[in-house]
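Student: what follows is a protein structure lacking sequence information:
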């Protein structure tokens, strides 16, 4: 029998053994060298180039081995973010080969919304997994495929012509230009780099679509985003800042604060008190028999003395008046002195059940129970406090610690030294501080209900069961997420409403008026780009099925389109026009008061109303369309409302999208 030998690329020595018979003995020939075919992986394109278009069409190529492998060969195909080979843009796909038969790979382009013009995508290949045939090792090089991608996003790429910057880098400018046809409508889009934020445009009509009849100049201004400054808590003293923000030490824990980018900040260090303080006390002597009296002297800021007991000294005044005896003349006013030590130790009892006032002096509070008359202050709370019946003030909540119920006042901070939000409050919390106490940098457990007080910095609720905020003030620059805004909540200019912020007035109105929920649309803004507290939902249904924001629909099917406009709370009760605009085959349409589509020329002054409510309800439920549509192609629907002063609120992104097919 001949020996079967697997041969690598190039040449290999083969040794042939011959079986003997009655005339010959078994022998071994000299080694013979034989050349074999090349090994490798072949990529075959469908044409001279690989061409794909965003949003439509695809192209293919094949992969095959040159020789039959002795075992399975695994090849991983890895597209970049611009391309998709079947598992999503940028997601890898694995093919397995046991023969030389080719396998087909289908490429599509990632349909993003970025204006990129025509560009390319790269698909890489590599042998991966267990090596079952040493002729196909993981180190074998396989060619990549370069796909030419046609961009389907309308827009303009502007080229840079020159730039300049100041010596200290505080300001910089870049001049760019592009040419357009006369009478073109051009929209400029300003996108800030990481660490910056777009501020404003200067130049006529630069913040809207420009109708070009001559050369036009626009300037975009960007600012740095706020930066956080953190100082270490001083052992004996106070650190403050100018401008205000840092107030760290003594009874305050505001050791980090956000400041505008490139702001000049001065830190002021004030030494603390070390040693004893002699305080003169004037005792008014009278002739009233009122017994001995105790006076409690508190060392601390006066606004805190009514909230929590700082380090104290008790002065006993002995009454020298006796009953039923003649009154005697008392010498002039007596002067007494006492010494008050600076805060060094806790004044709390050793037991963990607190029934009276307790100052922890910024020490750790562990495994404590606060009863109805218990007060705790200046504590680093390091373990959970459940069913709080008393009051907590001017304290830190440590990482993964949760405080449930009770009354919180003063300054409650849930951030660690790194500025991360780690502490949690839960249950029904009443903040009735008389000195504008606040919560800052805290997480809110599921279904937390906070009543009263002030919220600052980052307040993070639970996304599944948002917290309820009631009768309180939200400070400027606070970032609020996963909460429900209830009655009597005020917020200053500059508050950022993050993800999943809703208003109880919308929720309750939808319940009482049986308004069905619809898919969320993109965040509404004013036409000029300013944010608003409105939220829009909407979608399309085919033949009575579920509503979806984006879907494919068969031509001539029954189409139902609805939208719910959750009106900005500042606009509820005002007169406004409801607007509906659609785009089909690059043409703009607006729905008139009869619900019929009318060609729109793009001029805002000519935009007619779909509905004209006398007063905006908290939620305006709009039935946009309910009939078959005998069309093909893409239809995009925008909704919004126009106030009496002409300002328009609409959702520019994640709108209702339908693709009609035969």
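Tutor: Thanks, I have the structure now. Note that the coordinates shown come from a computational prediction; the quantities given were computed from them, not determined experimentally. Numbering: from 1, shown residues only.
Student: rest of the way, CA atoms for contacts and neighbours
Tutor: OK.
Student: per-residue pLDDT, the nearest residue to residue 561 once chain neighbours are set aside?
Tutor: Distances taken as CA to CA, 6 or more residues apart in numbering put residue 540 closest to residue 561, at 4.4 Å, once the chain neighbours are dropped. In this model, residue 540 is scored at 93, pLDDT.
Student: for residue 540, helix, strand, or coil?
Tutor: strand (DSSP: H, G, I helix; E, B strand; the rest coil).
Student: next: residue 508.
Tutor: Going by three-state DSSP: residue 508 is helix.
Student: how much space between it and residue 485?
Tutor: From residue 508 across to residue 485, the span is 12 Å (CA to CA, to the nearest Å).
Student: any buried residues in stretch 620-638, and which?
Tutor: Of the residues in stretch 620-638, 620-622, 624-626, 632, 634-638 count as buried by neighbour count, 16 or more other CA atoms under 10 Å.
Student: just how off-centre is it within its chain?
Tutor: 32 Å (CA atoms, centre = their mean, to the nearest Å).
Student: ends of that stretch, how far apart?
Tutor: Stretch 620-638: ends 15 Å apart by CA to CA.
Student: what do you get for stretch 474-492?
Tutor: First-to-last distance for stretch 474-492 - CA to CA - comes to 6 Å.
Student: and that stretch, how far from the chain's centre?
Tutor: Worked out by CA atoms, centre = their mean, stretch 474-492 lies 16 Å from the chain centre.
Student: the residue nearest to residue 561: how many residues sit nearby?
Tutor: Look at residue 540: counted by other CA atoms under 10 Å, it has 29 neighbours.
Student: before we move on, the earlier item: quick check: the farthest pair among the buried residues of stretch 620-638?
Tutor: Between any two of those, the greatest separation by CA to CA is 29.9 Å, found for 620 and 632.
Student: a markdown table for the buried residues of stretch 620-638, including distance to residue 549 and pLDDT?
Tutor: Listed next are the buried residues of stretch 620-638 as a markdown table, based on distance: CA to CA, whole Å; pLDDT from 0 to 100:
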| residue | distance to residue 549 | pLDDT |
| --- | --- | --- |
| 620 | 18 | 93 |
| 621 | 16 | 92 |
| 622 | 15 | 92 |
| 624 | 14 | 92 |
| 625 | 14 | 92 |
| 626 | 16 | 92 |
| 632 | 18 | 90 |
| 634 | 13 | 92 |
| 635 | 12 | 93 |
| 636 | 10 | 92 |
| 637 | 10 | 93 |
| 638 | 11 | 93 |
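Student: from those, which land in strands?
Tutor: 620-622, 624-626, 634-638 (DSSP state E).
Student: any idea which element residue 505 lies in?
Tutor: helix 504-512 (DSSP states H and E).
Student: list the buried residues of that helix.
Tutor: 504-507, 509-510.
Student: packing partners of it?
Tutor: Counting contacts by 3 or more CA pairs under 8 Å, 6 or more residues apart in numbering; DSSP states H and E, helix 504-512 is packed against strand 619-628.
Student: packing partners of the strand it packs on?
Tutor: helix 504-512, strand 558-566.
Student: what angle sits between that strand and strand 558-566?
Tutor: Going by axes from the mean of the first three to the mean of the last three CA atoms, to 10 degrees, strand 619-628 is angled at 170 degrees with respect to strand 558-566.
Student: what pLDDT does residue 322 get?
Tutor: pLDDT at residue 322 comes out at 54.
Student: look at residue 477 and say how many residues are nearby.
Tutor: There are 19 residues near residue 477, going by other CA under 10 Å.
Student: so it touches residue 491, yeah?
Tutor: No - applying CA atoms under 8 Å, one finds residue 477 not in contact with residue 491, separated by 9.9 Å.
Student: quick one: low-confidence residue ranges for the stretch 401-550 of the chain.
Tutor: 401, 405-428, 430-437, 528-529 (pLDDT under 70).
Student: for the residue nearest to residue 561, what are its contacts?
Tutor: 546-551, 559-562, 656, 658 (CA atoms under 8 Å, 6 or more residues apart in numbering).
Student: report the beta-bridge partners for it.
Tutor: Per DSSP bridges, the residues bridged to residue 540 are residue 548, residue 561.
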